[in-house]
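Undergrad: the sequence isn't on hand, but the structure is:
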């Protein structure tokens, strides 16, 4: 899926941003980084679905003026770098 996303979008994906409860599994996150040969980045706040709904509502009523403004608030908690030998 990761490779299809990069191919279909014509964007060189430099990292995989993850969220949700499964991201608490550090072994799984490292495995993803190794298999994809791409850094995996976990945000401070893991349940970003609810946060996204709040951001969408805030954009609609003018709390934030742009997606760029919201993007600046994103903070990473942990990044796994690929370590598997090629």
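TA: Great, that's in hand. Source: prediction; values computed, not measured. Numbers count the residues shown, from 1 in each chain.
Undergrad: how close does residue 62 get to residue 17?
TA: Noted for residue 62: a distance of 26 Å to residue 17, by CB to CB, to the nearest Å. For every residue, glycine as well, the C-beta is placed using N, CA and C.
Undergrad: settle it for me: which of those two has more neighbours?
TA: A direct count of neighbours by other CB atoms under 10 Å for residue 62 and residue 17 places residue 17 higher, at 14 against 7.
Undergrad: for the more buried one, what are phi and psi?
TA: In terms of degrees, to the nearest 10, the main-chain angles of residue 17 are phi -90, psi 130.
Undergrad: just checking, it touches residue 39?
TA: No: at 9.6 Å, residue 17 does not count as touching residue 39 under the criterion of CB atoms under 8 Å.
Undergrad: please enumerate residues in contact with stretch 58-65?
TA: For stretch 58-65, contacts defined as CB atoms under 8 Å, 6 or more residues apart in numbering pick out 55, 57, 66-67, 70.
Undergrad: return the subset of those residues lying in helices.
TA: Residues from the contacts of stretch 58-65 lying in helices, with DSSP state H as the criterion: 55, 57, 67, 70.
Undergrad: any idea how far residue 75 is from the most centrally placed residue in the chain?
TA: The chain has residue 17 as the residue nearest its centroid, 1.8 Å off, counting by CA atoms, centre = their mean. Counting by CB to CB, the separation of residue 17 from residue 75 is 12 Å.
Undergrad: one more: residue 21?
TA: As judged by CB to CB, residue 21 and residue 75 stand 19 Å apart.
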